[in-house]
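Engineer: would you be able to build a 3D model of this:
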Amino acid sequence: MDIQRYKNNTIFVIVIKDIYRMMNRKPLILVTNDDGYQAKGIVSLTEAMRDLGEVIVFAPDSHRSGMSSAISTSNPLRARLHRKEENLTVYTCNGTPVDCVKLALNEFVDRKPDLLVSGINHGSNAGISVIYSGTMGAAIEGCIFDIPSIGFSLCDFTPDADFSFTMEIARKLAAKVIEEGLPRGICLNVNVPAGEVKAIRVTTQTHGKWVNEYHRSKDGSGRDVFWMTGNFENWEEENDNSDEWALVNGYAAIVPVKIDMTAHDFLPQLKEWKITLYSH
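Structural biologist: Below you'll find the model as predicted:
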């Protein structure tokens, strides 16, 4: 018997079987949010993803809004298996949304996800809110790991908000991204208006900022305390290519977001400053 030939054939068969299994594996979808694993938004998003592949939910154990890309550096992270059934595994974590993504990818998934989806956030993340959003912080982290990533938000803060239109948009857009992919370094910020949605528009991020951001009141000892509130000051209300315009007019808005924050158009001017050090 030709032992070497037998070994080579055996290895070949094993490799072919592995390739076959990989070709027939369902897409792996990582789901997270910043409102906590019990929020209606993430429950709805998970349900929307279940027909598209194998779903792993890795979400904060409680509310973590406004965390942006914050990570835990002083406190140890803990994760707990909450639920497991066919094609669905749910973990909770005591960290931030970005902690959840990092921990899931480093320690809990056995292969690179084909898609990361974050949300559905209870409230808008349009305009400058993308900077503060834990929902988008998680999507951006997925993008850093070179995973096609999408953040979804519904412009409705109520706990019993109707997520049906957002679920439909999420399912269709996720299927398209799994099929087409996204360019390296780009993720999507998707905001959906409350109520019926006319259509989906690809838009730009609205220029503006939050103003009157705190309400002053007194605590039981008479000391000043400050509650976050505020209004969004839109600097381009007539720009029908912006996400805020789309939302006000009943459209869902998709903004492509880059993780490269370099202001490339300012580089030539900055180089002309020619700042030198006296010691050189």
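Engineer: check what pLDDT Asp35 gets.
Structural biologist: As predicted, Asp35 sits at a pLDDT of 91.
Engineer: quick one: it from Ala161, how far?
Structural biologist: 11 Å (C-beta to C-beta, to the nearest Å). Every C-beta, even on glycine, is put in place using the N, C-alpha and C of the backbone.
Engineer: strands of this structure, residue ranges please.
Structural biologist: 28-32, 54-60, 79-85, 88-93, 115-122, 149-154, 186-192, 200-202, 208-211, 214-218, 224-228, 231-234, 252-258 (DSSP state E).
Engineer: turn these into TSV, columns for mean neighbour count.
Structural biologist: Converted to TSV, these look like this (neighbours: other C-beta atoms under 10 Å):
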stretch	mean neighbour count
strand 28-32	26
strand 54-60	25
strand 79-85	12
strand 88-93	20
strand 115-122	30
strand 149-154	29
strand 186-192	25
strand 200-202	15
strand 208-211	14
strand 214-218	10
strand 224-228	10
strand 231-234	14
strand 252-258	20
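Engineer: what sits in contact with each of Asp35 and Ala161?
Structural biologist: Taking C-beta atoms under 8 Å, 6 or more residues apart in numbering as the contact rule, Asp35 and Ala161 both touch Gly41, His122.
Engineer: the more surrounded of these two?
Structural biologist: The residue with more neighbours, out of Asp35 and Ala161, is Asp35; 24 against 18, by other C-beta atoms under 10 Å.
Engineer: and Ser68, what pLDDT?
Structural biologist: As predicted, Ser68 sits at a pLDDT of 84.
Engineer: thinking again about what came up before, so which of the strands of the chain gets nearest Lys271?
Structural biologist: With C-beta to C-beta as the criterion, Lys271 lies closest to strand 252-258 of the strands of the chain, at 21.4 Å.
Engineer: who does that closest one pair up with?
Structural biologist: Strand 252-258 has its sheet partners listed here by DSSP bridges as strand 186-192 (antiparallel), strand 200-202 (parallel).
Engineer: how about residues contacting that strand?
Structural biologist: Applying C-beta under 8 Å, 6+ apart, the contact partners of strand 252-258 are 126, 130, 136, 139-140, 143, 165-166, 169, 173, 185-193, 197, 199-205, 243, 246-247.
Engineer: for stretch 153-168, give the mean pLDDT please.
Structural biologist: Mean predicted confidence for stretch 153-168 is 93.
Engineer: what lies in contact with that stretch?
Structural biologist: In contact with stretch 153-168 (C-beta under 8 Å, 6+ apart) are residues 40-41, 44-45, 47-48, 119-126, 133, 135, 152, 189-197, 247, 252.
Engineer: repeat that with 6 Å
Structural biologist: 44, 48, 119-125, 191-194, 197, 247 (C-beta atoms under 6 Å, 6 or more residues apart in numbering).
Engineer: next one: that stretch to chain centre, how far?
Structural biologist: Offset of stretch 153-168 from its chain centre (C-alpha atoms, centre = their mean, to the nearest Å): 16 Å.
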